[in-house]
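> for reference, the sequence and a predicted model appear below.
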Amino acid sequence: MSASSSSMNKPFAESCEQNKHVILAVLEKLYAAPGTVLEIGSGTGQHAVFFAGQLSHLQWQPSDRDENLAGIRAWLEETPQDNMLEPLCLDVSRSDWPLTRVDYIFSANTVHIMSWDAVQAMFNGLGQVLAQHGLFALYGPFNYDGEYTSDSNARFDQWLKQRDPLSAIRDFAALDKLADKAGMECVDDVEMPANNRILVWRKR
């Protein structure tokens, strides 16, 4: 998630503001029963604060790499939520995740900025912490059968690779294979605005 500092010294990503309502409409249905949601790659913290505020039946657990936690806390301090947990330091590449069991997992705009090794490690970790019948919802742009779904996604992928050769828009089939290996099956693929999707997997 690209972030710039706002005047209030909190990190800010325009994309979070633009997509939070449409993502919420999907999460409300997916995460209907009370439980704990692990958000992987909370980035600026905007999504965490907004979703926790709207989904009061859930405990929201933000997480990110250490360098992003201060920004998440800045959002939390300004908009405290009773159901928001203290942000966790989580590097998906490590095998020792700082929690053992969650009901739901959510991640937005992460797999295309990670290396493929990190994506593989993340799915492996997901399989270990997601409760039986738990749901993992992944938001972002995806390819299908090696093809872009739009010209803008093709341009975006080119920009990603120029910025970091290890990043790329990921192919649905490759992700689904990792999910299957981690004990999850795809139960939904929701079309979203701006050529994005929400892929949903359930732990078997």
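The structure has been received and is ready for your questions. Numbering: from 1, shown residues only.
> excluding its backbone neighbours, what's nearest I198?
Spatially, and ignoring its direct neighbours in sequence, I198 is nearest to V190 (4.3 Å; CB to CB, 6 or more residues apart in numbering). Placement of C-beta: from N, CA and C, glycine included.
> to clarify, my last question referred to G146.
D171 (6.0 Å).
> isn't the one you found right next to Y144, touching?
Yes: counting by CB atoms under 8 Å, D171 does reach Y144; the two are 7.1 Å apart.
> look at those two and report which has more neighbours.
Neighbours were counted for D171 and for Y144 using other CB atoms under 10 Å; D171 has more, 15 against 12.
> now do the buried residues in the helix ranked longest in the chain.
Using DSSP state H, we find that the single longest helix of the chain is helix 14-30. Neighbour-count burial for helix 14-30 flags 15-16, 19-20, 23, 26-27, 30 (criterion: 16 or more other CB atoms under 10 Å).
> shaky segments in this structure?
Within the chain, the segments meeting pLDDT under 70 span 1-8.
> ok so, going back, surely the residue nearest to I198 is in a helix?
No: secondary structure of V190 (DSSP: H, G, I helix; E, B strand; the rest coil): strand, not part of a helix.
> give me the neighbour count for it.
17.
> contacts only, for the residue nearest to G146.
The neighbourhood of D171, defined by CB atoms under 8 Å, 6 or more residues apart in numbering, consists of 142-146.
> just the buried ones from these?
By 16+ other CB under 10 Å, the contacts of D171 give 142-143 as buried.
> for the residue nearest to the spatial centre of the chain, give me its contacts.
Nearest to the mean C-alpha position of the chain, counting by CA atoms, centre = their mean, stands S107 at 0.9 Å. Contacts for S107 (CB under 8 Å, 6+ apart) come out as 39-41, 136-139.
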